[in-house]
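> Next come a sequence and a model predicted from it.
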Amino acid sequence: MSEMIFLLMLFGLPAAIGFKLAMSRGKNPLLWGMLSGVFPFFLVVLHFHQPTHEIRGHFRKCDHCGRTFPWKDSVCKYCGAAVSDSETI
Ligand SMILES: [Zn+2]
């Protein structure tokens, strides 16, 4: 029984983190959750991955330079263009 819990921690935890990260980056959460569970290295890949399109609540796409940056930022970190207020939640 304790082996079950051990396996769950070993594979379930990175899988759960991978699932959440993939969702916030517009990737397939099931696929990336599974990959992260087997190879936790994929968590690093996901963490540094920048989405190429806007993901509401997670990443914005800059109107000025076209790069994506975290949703909570009010100014583009690449070119300094301010986010228009209409897009702010
Ligand atoms: Zn920009």
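Ah, there it is. Since the structure is predicted, the reported quantities are computational estimates derived from the model, not experimental observations.
> Sketch out the strands for the protein, chain order is fine.
Using DSSP state E, the strands of the chain run over residues 59-61, 68-70.
> what does stretch 44-51 contact?
G18, L21, A22, R25, G26, K27, W32, S36, H58, F59, R67, T68 (Cβ atoms under 8 Å, 6 or more residues apart in numbering). Any C-beta I mention is one placed from the backbone N, CA and C, and that applies to glycine too.
> Report the contact partners of the residue sitting furthest away from the middle of the chain.
Ranked by distance from the centre of the chain (Cα atoms, centre = their mean), the top residue is M1, with 33.2 Å. M1 sits next to no residue when contact means Cβ under 8 Å, 6+ apart.
> now it: how far from L10?
Separation of M1 from L10 (Cβ to Cβ, to the nearest Å): 15 Å.
> ditto for F48
For F48, the distance to L10 (Cβ to Cβ) stands at 23 Å.
> Show me which of these two is the more surrounded one.
Neighbour tally, F48 and L10, criterion other Cβ atoms under 10 Å: the higher count belongs to L10, 12 against 7.
> per-domain residue ranges of the protein.
1-49, 53-89 (automatic domain parsing).
> quick one: average pLDDT of the first one?
Think domain 1-49. When pLDDT is averaged along domain 1-49, the result is 93.
> Quick one: end-to-end length of that domain, please.
37 Å (Cα to Cα, to the nearest Å).
> Give me every residue in the chain lying close to the ion.
C62, H64, C65, C76, Y78, C79, A81 (Cβ under 5 Å from the ion).
> Apply 8 Å and report the result again.
Residues of the chain lying near the ion by Cβ under 8 Å from the ion: 62-67, 69, 76-81.
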